[in-house]
Structures are given as structure tokens and as C-alpha cells.
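Trainee: structure for this input, please:
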Amino acid sequence: MPSLNSTAPRSTDAFPWAGLLALAGAIFVSVTSEFLPTGLLPDMAGELQVSESRIGLLVTIFAGTVVISTTPLAALTRNYSRKYLVVAVLVVIAAGNIIAASAPTYEILVGARIIGGLAHGLFWAVVGAYAAHLVPKHQIGRAVAITSGGGTAAFVLGVPLGTALGHALGWRLAFAVIGVIVVLLALLVLRFLPAVDHRVTLATGEIALPMRKDRSLAGVIVLCVIIIVVMTGHNLFYTYIAPWLIGVGGFDKDSIAILLFLFGGAGAIGLVLAGLVSDRFPRAGLIVATTLVAASVLVVALFSRSQVVIVGGLVVWGMAFGGLPAMLQTRMLHTASARLRDLSAALFTTSFNFAIGFGAFAGGLVLDQVGIITLPFVDIVIIAVGVVFMLVSNVWLAARAKRSRLA
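Mentor: Reported below is the predicted structural model:
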């Protein structure tokens, strides 16, 4: 197996706050850019004279582009500087937003989203592993929690503020402003993000092995399956949470934004908790958080006539789910060997975006064929399958590691 290179961070090195906060800012604008059309859907549809479903398709096109392109682009750029690659993809993301802001037709807007998706996938393939290059292994969970804060802030603040700006001054201006902010973040990354050597050097006498023979690959694949199952279950229901809250929960349309804000705010608390437990309990913490997600959704579904219970359930759901992406990313970085970190980050991004797209698609089928009241129960079943798979795979991986040590 390849050994760690000599530039690996040491426990005595200062914690890289500036670099991690720069990454968090970059993630904030990238995620805001990805989901901005969801809040501006009616405005964009009205001006471009297309249906709202066609504007909603922009999110699917974006996610589909990420799924298809991330791993190939990560492989093609594996020998390039990680820092300057982050800067480059941020510039492309900015360009995609500027093109979207000036798009005269729906077709050009689709092209702009494809450009953004290409850059977004590569961005996450690089950024997903960057924290592990900046800190020693026992600080990975803390570092990931900080960078993941950018994604949480995008849902809590970025998308709502972008939506408000778009409603007030026009959706094109919202995309243009995001584009300018991305450029500014690229400059901050250039200034404050430390460069890292992501390549792994071989010790004297070691032989480079194909990645398919890396012993950590099995654990990486298992984790990708967990991501796909759990996140498919979550997105199957959460994509349609607004119509469920209105049609089943009996909430007024004007209260949905407040409820989603509560969900996002609780997610921020969950992210902080994830940073505290991810390094010490990477497997147990993930199982507990995922089980809590299923339990809170079950409470919401069973007590759908009580708005007080629904609000409480949403807060617990948001808190439990808020830490899941960071926990999954931390476990991925702990699982993957140093030489597989960049590939594992690409697979992580691909798995997440596949689950987002497939979960929304499957939820739509359930909605049309069975009815909206069924969505949370299907969500619970899928997540429960994910928890069982976690337990079984943990036993299998532990036994596999024991056999490897005895060999």
C-alpha cells in the first residue's frame, strides 16, 4: 500500500481556520447557485413563457450533469493543483450564472445549467477531499463540519435571500449577483486557501497497485450504497414537503417559508453536533442520526393532524438530518486510503446527486400513483433499509479487516 507523503499535516500544525472558512464560503455560493431556480421558478417560467415543470427540470438537468461528469472529470484532472482547480471551477460556476442571467431563451438557460453542473461536480470532487489534506486524521470531522457549514448556510440563508432578491428585482439580477459573489469567493480562495500536495508518494521498494485492488475500495463502495439509499428516502419526501404541509398538515402557504427556515436552522445545530461526534464515533453516530431521521418522519406522519407535533417533528428531523452529510463525508474520508481520497470524493458527489434526482423522481411517481399522504411512510421504509444495511455492512467490513490483519 502507498504510504502517506511527507507533506501530510501534523498534529502540531495550527488549525487552518482561514483555509477552511474560504472553502465553506465557496461551498455556500456553489450550493446556492445549484438550488436558486427552485425559489424563482414562477418568475423564470413567466418571463421565458415555459411551464413551471420545465423550469423545475433545470435542477434535474444540473444534478444529472453532475452524476455523469464528476468521476471522469476528476480522473482527467487528478494531477492538477487542487487549489488552482478550485479557483478555476469557481470561475466557471460564475460564468454559468452570468450566462443564465443573460439567457434570451430557455435552451440557452439549459446550456448555462449544464456548464454549472460540469463545474459543480468537479468542484465537489476536489473540495470533498480538501479538508483531509489540511488537517491530521483525528481532526477531519471538525474540519468537514466547518466546510459543510457553507452548504447548510446556503439552505438557511443563500437560497431564501437569492429568492427574495429575485422576487424584488428580477430573477436575472439574482443570478448575476450570485455570479459576482462567486468571483469574489474565488479571489478569497486564491488568497487564503493553503495549497496541498494531494499525491501519494511510494516508499522505497513499494509497488503501485491499481485502485481496484486498494483494500479501502470495498468500504468506499459500501458507503456509496448507504448514501444512495438514505438520501433517496429523504429526497423522496422532502422534495414534496411543501405540498404535504399544506395539503395534509393544514398549514397556510405563507407559513411554509418559516417552517423550512426552522428545518434549516435545526440542521445547523445538527451540523455542530456532527462535528463533535464524527471523529470519535463515525459509525455509531451515523446510525443514530439516520434512525432519528426515520423516527421523526414517522412521528410527523402519524400525527399529521397536530400542527404542534409536526413543527416539533420537523425541528428534530432537521437537526438529525443536518449532520448526516458531514457524518457521511467524514466517514468516507476515514474509510478511503490517502490515494483514494479524490476518487472517493467524486463518488460521494455522484452518489448524492443521483439520490437527489432519483428520490425526487420516485417521489413524483408515488405522489401520482398512490397519493401524497403515502410519501413519508415510503421514506421511512427506505431509510430503515439503509439503517439495516449499515449494521450488516459494519459487521462485514469489520470481519474483512480482521481477516486482512491475520493474512
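Trainee: and residue 79, which of the three is it?
Mentor: Three-state assignment for residue 79 (DSSP: H, G, I helix; E, B strand; the rest coil): coil.
Trainee: change the start of the numbering to 392 and stick with it
Mentor: I'll keep to 392 as the first residue from here, and by that count the last item is residue 470.
Trainee: and the pLDDT at it?
Mentor: Residue 470 is assigned 81 on the pLDDT scale.
Trainee: so where is the stretch 442-591 of the chain shaky, pLDDT-wise?
Mentor: Where the stretch 442-591 of the chain drops to pLDDT under 70, the residues are 443-444, 447, 588-591.
Trainee: residue 699: neighbour count?
Mentor: When counting by other CB atoms under 10 Å, one arrives at 8 neighbours for residue 699. The way it works is simple: take the backbone N, C-alpha and C, and place the C-beta from them, glycine included.
Trainee: I meant residue 495, not that one.
Mentor: Close neighbours of residue 495, defined as other CB under 10 Å, add up to 8.
Trainee: measure it to residue 476 for me?
Mentor: Using CB to CB, to the nearest Å, residue 495 is found at 32 Å from residue 476.
Trainee: double-check residue 576 against residue 417; I have them as touching.
Mentor: Yes - using CB atoms under 8 Å, residue 576 is in contact with residue 417, at 5.1 Å.
Trainee: so who does the residue lying closest to residue 621 once chain neighbours are set aside touch?
Mentor: The shortest distance from residue 621 to any non-neighbouring residue, by CB to CB, 6 or more residues apart in numbering, is to residue 777 (4.1 Å). By CB atoms under 8 Å, 6 or more residues apart in numbering, the residues touching residue 777 are 617, 620, 621, 624, 681.
Trainee: quick check: the farthest pair among these?
Mentor: By the measure CB to CB, 617 and 624 form the most distant pair in these, at 11.1 Å.
Trainee: more neighbours: which of those two?
Mentor: The neighbour count for residue 617 versus residue 624, taken as other CB under 10 Å, is higher for residue 624 (28 against 21).
Trainee: thinking again about what came up before, give me the element the residue nearest to residue 621 is part of.
Mentor: According to DSSP states H and E, residue 777 maps onto helix 766-797.
Trainee: report all helices and strands that the helix or strand where residue 532 lies contacts.
Mentor: Assigned by DSSP H and E, residue 532 belongs to helix 531-544. Contact here means 3 or more CB pairs under 8 Å, 6 or more residues apart in numbering; DSSP states H and E; on that basis helix 531-544 packs against helix 408-430, helix 497-525, helix 647-668, helix 715-726.
Trainee: would you tell me which one of the ones you listed is buried the most?
Mentor: helix 715-726 (a mean of 25; mean count of other CB atoms under 10 Å).
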